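> Sequence and predicted model, in that order:
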Amino acid sequence: MSNGSLAKRYARALFNIANDLHLVEDINGQLVELSATLTLNDGELLTALTTPVFKLDERKQVASVIADKLGVHQTVKNFLFLLLDKDRLELQSEIVSIFQTMADNKAGRVRASVQTATELTETEKADITKTLADSIHSSTDKLIVDFGIKPELIGGIWAKVGDRTYDATILSRLQDMRSTLLDK
């Protein structure tokens, strides 16, 4: 079985439990926070928890301390232990991503990614969020936009909302011009 399908099975199982407990949003947030913690410092903690050099009991003790410090629900802590027991902790990032998508679908949320060459003002971000929400016939409160900076775009904006991509960057226009000139 591929790691992708394993991650989906784990995410689906955890989602069903969270849904039964009416804790999907809480567990989603806790999973994101736990995943971020595990990948701090280039994933040193994750590496330590997945290294067989340390005994499983020692890794579980460390995981327990982390879970307690983060104040995660017992279900998340048990899930963390399950991943350790099954030697599947390296799938946690993919599992969290799949779980988050399931939680978003349940809540009617859509995620978007926006890249620009320079930092945007809050007004510009709000305008872009409104435009993207309108483009998918949604409200701004149901659209979660991740803004990033990519100087190599030179100028303009690149956005991805669901399966739609919008590319109005100077870089893409220059590449189009180059292709047109080389084809002639």
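Cool, the structure landed.
> now the strands for the protein?
Along the chain, the stretches classed as strands by DSSP state E are 110-116, 143-149, 156-161, 164-169.
> Tabulate the ones you listed (a markdown table), appending mean neighbour count, mean pLDDT and distance to L56.
C-beta here means a position set from N, CA and C on the backbone, and glycine is covered the same way. Listed next are the strands of the chain as a markdown table, based on neighbours: other C-beta atoms under 10 Å; pLDDT from 0 to 100; distance: least, C-beta to C-beta, whole Å:
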| stretch | mean neighbour count | mean pLDDT | distance to L56 |
| --- | --- | --- | --- |
| strand 110-116 | 18 | 96 | 35 |
| strand 143-149 | 14 | 96 | 36 |
| strand 156-161 | 18 | 95 | 40 |
| strand 164-169 | 14 | 94 | 44 |
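> any chance of these in TSV, plus distance to D26?
What follows is these, written out as TSV (distance: least, C-beta to C-beta, whole Å):
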stretch	distance to D26
strand 110-116	19
strand 143-149	17
strand 156-161	26
strand 164-169	30
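> Would you tell me which of those strands gets closest to M177?
strand 164-169 (12.7 Å; C-beta to C-beta).
> partner strands of that closest one, parallel or antiparallel?
strand 156-161 (antiparallel) (DSSP bridges).
> got the CA coordinates for the strand it pairs with in CSV?
The C-alpha coordinates for strand 156-161 follow below in CSV (Å, rounded to 0.1, in the frame of the first residue of the first chain):
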residue,chain,number,x,y,z
GLY,A,156,2.0,41.1,-10.7
ILE,A,157,0.2,38.3,-8.9
TRP,A,158,-0.1,34.5,-9.0
ALA,A,159,-3.1,32.8,-7.3
LYS,A,160,-4.4,29.3,-6.9
VAL,A,161,-7.9,28.7,-5.5
